[in-house]
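Visitor: model this:
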Amino acid sequence: MTSKDIRQKFLDFFQEKQHRIVPSAPMVVKDDPTLMFTNAGMNQFKDIFLGNRPAKDVRIADTQKCLRVSGKHNDLEEVGVDTYHHTMFEMLGNWSFGDYFKVEAIEWAWELLVDVYGLDPERLYATVFEGDEADKLEADTEAENLWKKFLPADRILRANKKDNFWEMGDQGPCGPCSEIHVDLRSDAERTAKPGRELVNNDHPQVVEIWNLVFIQFNRKADGSLENLPAKHVDTGMGFERLCMALQGKTSNYDTDVFGPMISKISELSGVKYGASDSQTDIAIRVIADHIRAVSFAISDGQIPSNSGAGYVIKRILRRAIRYGYSFLGFKEGFIYKLVPTLADQMGDAFPELKKQQELITRVIQEEEASFLRTLEKGIERFNNYVDSLHSKTIDGGFAFELYDTFGFPIDLTELMAREKGLHVDIQGFNEGLNQQKERSRAATVTESSDWTVLRQDDREEFVGYDLLETDIFITRYRKVSTKGKEFYQLVFNITPFYAESGGQVGDTGFIEAGGEKTYIIDTKKENDLIVHFAEKIPTEPKATFRAVVNAEKRKATALNHSATHLLHAVLREVLGTHVEQKGSLVNSDYLRFDFSHFSKVSDEELVEIETKVNAKIRENIVLDEQRNVPINNAKEMGAMALFGEKYGDLVRVITFDRNFSVELCGGIHVNATGDIGLLKITSEGSVAAGIRRIEAVTGTAAFNELNSAYSQVNELKGLLKTKDPLKSVLQLQTQIKELERKIESLNAQAASGIKDELLAKAADKGGYRLIAERISMDDANAIKNLCFDLKKESGLVALLGVISNGKPGLHLVISQDLVDSKGWKAGELIRPLAAHIKGGGGGQPTYASAGGTDSNGIEKRCLQ
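Guide: Okay, here's the model as predicted:
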């Protein structure tokens, strides 16, 4: 049975059980501050479990793309080392929201695994929750008795809270779970040792394949449990592990999920998978796994970067590059060549891979080239360190520096050390790593109290499209502490405040009752819940309040948001329909728009883009806003949907001329394009390979930008005493270049004279001549040219000290014949000398330089 058949049988089975089949949510999470990535199938349904929104369908099933790089069994550095854990994986799941519970969940799980898939029932085990005294919970005998209909008692195992009690987080919905494990060992191994002894013991062939979670409690901030008003089922089955079991394999990587990718990697590297060298097998597994995680993230709009979710993706990609570089002999980019294989294999189930294939390829290719350059710098840093080492141990702090700054995994550092007969202080490395993890953990710790519920309300309603102020009451609030600051989160029954979403920042303003104002400093979404941030709680939180949005800020933000729609449409018109939005920021000051395009936007194109946007502004096109449009109807209208965004069944469509700009959008907009007034592009540049960024201002800010530029031009006219400042500046540049050439010529003449003086002072040291002098030269190029002239001499060592702009410098020259006969290397000898001026340096065998901070060291130590 192929992996495609396995996936489809799962969906067909639950569709027959009256489940609605829904698409996977994006792997990159945008409206949940507790998550960067979807790490379980239930993430997109959190609001239902939390009671923030009702379930439209009480039975749902899907296959969800997930990413895990930390937590139980999911440390990134371990992926690929074993054969059954992954970064990106598929989670097959079925859910019941207040409908069926344990009976159906267990019976259907058995029916699917045994009757439909044909798994050998003799190889299956079930675990149930054993209870917990601290939580005053008894064993889950209900699930245990249900399993007895299918399994003998010795294959139904009780397990502790760590393994068999699922929790969303420190607070929130939770409940006991029942896991299904499969024993894939040979008959002989199963006879020798029962599988029950290996369940939950990290055995690679005795693994969990399905977790049935029975959500029935809510964990409060004080740690206590309370019953939920309704009971839910949340199941998750690892697709890759299921394929391993059904295809008779003992490793996920031996299934057809990974087979085509592993074959392609072997073809490109010339290294056969499954050979005797386990390290090359690990490298191939790492790459086969990581290409999936990186490609899916990019297709969802997350570009590798230096912070947040982008940094996680960059780490994953760089780990794959490192393994290819260290163990498979790849010295040039290669991972981008794997993207077509992945798109062919998974593009039917996840069409975004095919749609975004060119972008994924280009981004990975550029990141590979960049990191390979970084690797070269790291190797040079390593070699320089080893050259000055006086022991056989590489300091753990230095190994961590290579890991943190240059992306070197510890095994690469160890490999390079062994090649030079050295070893690494692993304990010191681990200390640095643990300190970094602790700093990262501390920076993200957020503590929140339980919600204080003032009034029961089904769901908060946003009325801000039509109103900037209205009467509201607070339904609940809680105190939140993060990074040493405390603030309050408030939820209203209705709200005119727009919550940050789709690139548009959240509204600010205040709520007022009895003459007391409580300022709203931000508004955000937690999944579908609109949360208002305040520095304090009102004195009378149960009062009726007047909620007032900052109208001036809202209006300026609306100008910029509508302008992004016009800009997007014009970009596609001028540059081509390959242009797609890849990110945006819309606030009251300016707009930032990221889009797919594979070359710099020329100055001529920018002028054309700006001109056409402003033409659309002057047309004063009236906004056509349609709410609650069925998603399929919106797509038939030609509305643009963005990859990586999660849309509901009903959407809002924003149109500025149906033949020009039609987009799905929940943001705030102008009534007509003329309200924007003017758009002025302020910058254009690259964000990543294949991603460009335009920043612009609108309205008053755009007029101010033009007035500022006009004033500067007038000032230049006055300073240059001309009506054509551009012509005058060009003339000045020509004059400056001519003067620079004359100065360079004079410096060269001076250097020639200094060379003769230095050679006259050379001291005979028996076998070579030595120059150790301080020289008075400020021009760096002239100094370097002097040194290169001295290199041409034979039997000469020259150490020159300079002070330029108050900072000391050293230049060491060794003639080639001395390098060859004596083995002296300027790059090595300069380092201890640099210490005397409290600096560092390096270079080639015949020439090296150093800079420092202590000028006294030149005369007192270096030139003596």
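
Visitor: for this structure, which helix is longest?
Guide: helix 725-761 (DSSP state H).

Visitor: and it, what other elements does it pack with?
Guide: helix 699-720, strand 769-774, helix 780-791 (3 or more CB pairs under 8 Å, 6 or more residues apart in numbering; DSSP states H and E). Backbone N, C-alpha and C define where each C-beta goes, glycine included.

Visitor: what pLDDT does the residue positioned nearest the centre of the chain get?
Guide: The centroid of the chain falls nearest to residue 310 when counting by CA atoms, centre = their mean (1.8 Å). In this model, residue 310 is scored at 86, pLDDT.

Visitor: likewise residue 322?
Guide: At residue 322, the model reports a pLDDT of 86.

Visitor: list the contacts of it.
Guide: Taking CB atoms under 8 Å, 6 or more residues apart in numbering, we find residue 322 in contact with 375, 407-409, 412.

Visitor: ditto for residue 799
Guide: For residue 799, the contacting residues are 770-773, 810-813, 833, 862-863, by CB under 8 Å, 6+ apart.

Visitor: circling back: which two from the contacts of residue 322 end up farthest apart in space?
Guide: By the measure CB to CB, 375 and 409 form the most distant pair in those, at 11.2 Å.

Visitor: before we move on, back to that, could I get the helices and strands packed on helix 725-761 as JSON lines with mean pLDDT, mean neighbour count and distance to residue 653?
Guide: Below are those laid out as JSON lines (pLDDT from 0 to 100; neighbours: other CB atoms under 10 Å; distance: least, CB to CB, whole Å):
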{"stretch": "helix 699-720", "mean pLDDT": "90", "mean neighbour count": "13", "distance to residue 653": "25"}
{"stretch": "strand 769-774", "mean pLDDT": "89", "mean neighbour count": "16", "distance to residue 653": "75"}
{"stretch": "helix 780-791", "mean pLDDT": "86", "mean neighbour count": "17", "distance to residue 653": "61"}
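
Visitor: still on that earlier bit, which of the contacts of residue 799 sits closest to residue 579?
Guide: Nearest to residue 579 among the contacts of residue 799 is residue 811, at 51.3 Å by CB to CB.

Visitor: any idea how far the closest one lies from residue 858?
Guide: Going from residue 811 to residue 858 by CB to CB, to the nearest Å gives 11 Å.

Visitor: and stretch 9-23, end to end?
Guide: Its first and final residues considered, stretch 9-23 spans 16 Å by CA to CA, to the nearest Å.

Visitor: same check on stretch 521-532?
Guide: Using CA to CA, the two ends of stretch 521-532 sit 8 Å apart.

Visitor: what residues sit buried inside it?
Guide: 522-532 (16 or more other CB atoms under 10 Å).

Visitor: number of residues surrounding the residue nearest to residue 244 when sequence neighbours are not counted?
Guide: Ranked by CB to CB, 6 or more residues apart in numbering and with sequence neighbours excluded, the top spatial neighbour of residue 244 is residue 252, at 5.0 Å. Residue 252 has 28 neighbouring residues, counting by other CB atoms under 10 Å.

Visitor: so how far is residue 132 from residue 252?
Guide: Distance of residue 252 to residue 132, computed by CB to CB: 32 Å.

Visitor: one step back: possible to save the helices and strands packed on helix 725-761 as TSV with distance to residue 661?
Guide: Supplementary listing: the helices and strands packed on helix 725-761 in TSV, determined by distance: least, CB to CB, whole Å:
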stretch	distance to residue 661
helix 699-720	19
strand 769-774	68
helix 780-791	53
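
Visitor: nearest to residue 617, of the ones you listed?
Guide: Of all those, it is helix 699-720 that lies closest to residue 617, at 10.0 Å by CB to CB.

Visitor: how far off helix 725-761 does that closest one point, in degrees?
Guide: Relative orientation of helix 699-720 and helix 725-761, computed by axes from the mean of the first three to the mean of the last three CA atoms, to 10 degrees: 60 degrees.

Visitor: just how off-centre is helix 699-720 within its chain?
Guide: 40 Å (CA atoms, centre = their mean, to the nearest Å).

Visitor: need the contact partners of it.
Guide: Helix 699-720 has contacts (CB under 8 Å, 6+ apart) with 556, 559, 589-590, 676-680, 682, 696-697, 723, 725, 728-729.

Visitor: just the buried members of those residues?
Guide: Neighbour counting by 16+ other CB under 10 Å classes 556, 559, 590, 676-680, 696-697, 725, 728 among these as buried.

Visitor: okay, and which of those map to helices?
Guide: 556, 559, 725, 728.

Visitor: what's the pLDDT at the second one?
Guide: Which is residue 559. 97.

Visitor: so which of the contacts of residue 799 comes closest to residue 501?
Guide: Nearest to residue 501 among these: residue 810, at 57.3 Å, using CB to CB.

Visitor: export the one helix or strand that closest one maps to as PDB, just CAs?
Guide: Applying DSSP states H and E as the criterion places residue 810 in strand 807-814. These are the backbone C-alpha positions of strand 807-814, laid out as PDB (Å, rounded to 0.1, in the frame of the first residue of the first chain):
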ATOM      1  CA  LYS A 807      44.700  53.800  16.500                       C
ATOM      2  CA  PRO A 808      47.800  51.600  16.400                       C
ATOM      3  CA  GLY A 809      48.600  49.100  13.600                       C
ATOM      4  CA  LEU A 810      51.300  46.600  12.800                       C
ATOM      5  CA  HIS A 811      52.400  45.300   9.300                       C
ATOM      6  CA  LEU A 812      54.700  42.300   9.100                       C
ATOM      7  CA  VAL A 813      56.500  41.400   5.800                       C
ATOM      8  CA  ILE A 814      58.600  38.200   5.300                       C
END
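
Visitor: buried sites along it?
Guide: Within strand 807-814, the residues that count as buried by 16+ other CB under 10 Å are 808-814.

Visitor: for residue 546, which residues make a bridge with it?
Guide: Beta-bridge partners for residue 546, by DSSP bridges, are residue 471, residue 512.

Visitor: and it, what does it touch?
Guide: If you count contacts by CB under 8 Å, 6+ apart, residue 546 has them with 469-472, 511-513.

Visitor: so for the buried residues of stretch 521-532, which is the shakiest by pLDDT?
Guide: pLDDT across those is lowest for residue 527, at 77.

Visitor: SS state for the closest residue in space to that one that isn't next to it in sequence?
Guide: Distances taken as CB to CB, 6+ apart place residue 47 nearest to residue 527, at 4.3 Å, with adjacent residues excluded. Secondary structure state of residue 47, per DSSP: H, G, I helix; E, B strand; the rest coil, is helix.

Visitor: how close does residue 95 sit to residue 694?
Guide: Using CB to CB, residue 95 is found at 42 Å from residue 694.

Visitor: who has more neighbours, these two?
Guide: Remark: of residue 95 and residue 694, residue 95 carries more neighbours, 29 against 22, as counted by other CB under 10 Å.

Visitor: the more buried one contacts residue 59, doesn't it?
Guide: Yes: with contact defined as CB atoms under 8 Å, residue 95 counts as touching residue 59 (7.1 Å).

Visitor: list residues touching both of these two?
Guide: With contacts taken as CB under 8 Å, 6+ apart, residue 95 and residue 59 have residue 19 as neighbours in common.

Visitor: now the helix or strand harbouring residue 180 - C-alpha only, PDB.
Guide: Using DSSP H and E, residue 180 falls within strand 172-183. Provided in PDB are the C-alpha atoms of strand 172-183 (Å, rounded to 0.1, in the frame of the first residue of the first chain):
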ATOM      1  CA  GLY A 172      -6.200  25.100  29.500                       C
ATOM      2  CA  PRO A 173      -8.100  22.000  28.200                       C
ATOM      3  CA  CYS A 174      -6.600  18.600  29.000                       C
ATOM      4  CA  GLY A 175      -7.400  15.000  29.700                       C
ATOM      5  CA  PRO A 176      -6.300  11.400  29.700                       C
ATOM      6  CA  CYS A 177      -5.200   9.800  26.600                       C
ATOM      7  CA  SER A 178      -4.900   6.200  25.200                       C
ATOM      8  CA  GLU A 179      -2.000   5.500  22.900                       C
ATOM      9  CA  ILE A 180      -1.800   2.600  20.400                       C
ATOM     10  CA  HIS A 181       1.700   1.100  19.900                       C
ATOM     11  CA  VAL A 182       2.900  -1.400  17.300                       C
ATOM     12  CA  ASP A 183       5.600  -4.000  17.700                       C
END
